[in-house]
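Trainee: Just to be clear, the model below is a prediction. Sequence and coordinates:
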Amino acid sequence: MALNTIFDNTQTAFKLKSDSELERAYFLFKMISKEPLVKIGTAATKVALTLNLPVEGLIRSTVFDHFCGGVNEKDCMGVVDNLYNAKVSSVLDYSVEGKQEKAQFDATMQKVLELTEFAQNMDAMPFSVFKPTGVGRFEIWRKRSENEPLTTKEKGEWKAIQERYDTVCKTAHSCDISLLIDAEESWIQDAADDLCQAMMAKYNTEKVIIFNTLQCYRWDRLDYLKEQHAKAVAGNYKLGFKVVRGAYMEKEKSRAQEKGYPTPICDSKQATDAHFNAVIEYILDNLEDISLFVGTHNEESSYRALEILKSKDLQKNDTRVWFGQLYGMSDHISYNLAANGYNVAKYIPFGPVKDVMPYLIRRAEENTSVAGQTSRELTLLKKEKIRRKS
């Protein structure tokens, strides 16, 4: 099969889906494709959960089961096993967002530690993951990023954040499990970047354990990558980066306008795509120093990465290069890449239904806003439905 057509194989893409699961996926993406329905549905869901109405069963059997692995890690094991049978690895992501209390941050850290230690004995789980705001308050990250002075109490919070980071990174290092640290909004990302860089300098001396995330809708990320590369070479440590387009575009634009500073966002979709491709090309040119996790649902960028790998005569399964997509999305990319011998991992969110709803709502809103993403999913699902009936 030609390199630029491998994502068209729907039989491989949807081989793990039963007929009923295929129909559910088609229904969900059909709903997500209609922006008014997404707005009404998300608002109604928030109200229903706030009022403790009995809607969790409905949510669980539809959107939750499509986009999430389960309510806890044991609940996810069936999904993990099925994916690994299809040569796709798993990244279990405890997707509880928006917490504010120390006990909750400590609980999230403990969950990440448990998952990292659990992954140590699971070939199907080569990565662990966490989000900076999962282990520390948003406002602390903002003040550190914008160089605002911290109160005595806030200094204690910042110290606790640093300790949580080091505890998680040290555990990942001792377990030999790669750790993906997700990105945040630009106005809190500087502090997260600085702390992640310190962890890479400490734990990436022999191989890449710690991965930061570059959101390429930000026009400054290639320059940042080059700066980090120079520091790593000088400091004799290695870098790891997950490269994504980004998750907070509307918030970024509106805040920049509100606060009166230049937008950190590329001025067009085309510019974002070009920037994303330039970042992955730079990393693939420097694989001796930088490992790459390509986190994308974009076919063109995925094909571009495959072409570069081929042009450099690199092995498809080079351990320094991984591709990743979210569970429930872009199966035509994930499973076809895996079937063709590339390293692939699915991000599998999990957690209590009510706690994971902010994540699910964000997923629905992002799918609605990405032109062509949902229509491509629908076209492929329809093609597979027809194939199975023929």
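Mentor: Arrived safely, thanks for sending.
Trainee: and the gap between the residue nearest to Y217 when sequence neighbours are not counted and E185?
Mentor: In this structure, Y217 finds its nearest non-sequential neighbour in G246, 3.8 Å apart by C-beta to C-beta, 6 or more residues apart in numbering. For the C-beta atoms, the positions are set from N, CA and C on the backbone; glycine is no exception. Distance, G246 to E185, using C-beta to C-beta, to the nearest Å: 10 Å.
Trainee: what sits against the residue nearest to Y217?
Mentor: G246 makes contacts with 183, 215-218, 272, as judged by C-beta atoms under 8 Å, 6 or more residues apart in numbering.
Trainee: Downstream of the longest helix anywhere in the chain, the next helix or strand is which one?
Mentor: Longest helix of the chain, by residue count under DSSP state H: helix 152-175. For helix 152-175, the succeeding helix or strand toward the C-terminus, using DSSP states H and E, is strand 178-181.
Trainee: That next one pairs with which strands, and in what direction?
Mentor: strand 127-130 (parallel), strand 210-215 (parallel) (DSSP bridges).
Trainee: what sits up against the helix or strand that comes right after it?
Mentor: The first helix or strand that comes after strand 178-181 along the chain, using DSSP H and E, is helix 186-203. With C-beta under 8 Å, 6+ apart as the test, helix 186-203 has contacts from 132-133, 138, 141-142, 144-146, 161-162, 165-166, 169-170, 172-173, 181, 183-184, 209-210, 212, 215, 218, 224, 228, 231-232, 235, 237-240, 248, 252, 255, 264.
Trainee: Can you tell me which of those residues are buried?
Mentor: For the contacts of helix 186-203, a burial check counting by 16 or more other C-beta atoms under 10 Å picks out 132-133, 138, 141-142, 144-145, 161, 165, 169, 172-173, 181, 183-184, 209-210, 212, 215, 218, 224, 228, 232, 237-240, 248, 252, 255, 264.
Trainee: related to what we said a few turns ago, just put the contacts of G246 in a markdown table and tack on pLDDT and distance to V112.
Mentor: Below are the contacts of G246 laid out as a markdown table (pLDDT from 0 to 100; distance: C-beta to C-beta, whole Å):
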| residue | pLDDT | distance to V112 |
| --- | --- | --- |
| A183 | 96 | 16 |
| Q215 | 97 | 21 |
| C216 | 97 | 25 |
| Y217 | 96 | 26 |
| R218 | 97 | 25 |
| T272 | 95 | 30 |
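Trainee: Of those residues, just say which sits nearest to S95.
Mentor: A183 (14.7 Å; C-beta to C-beta).
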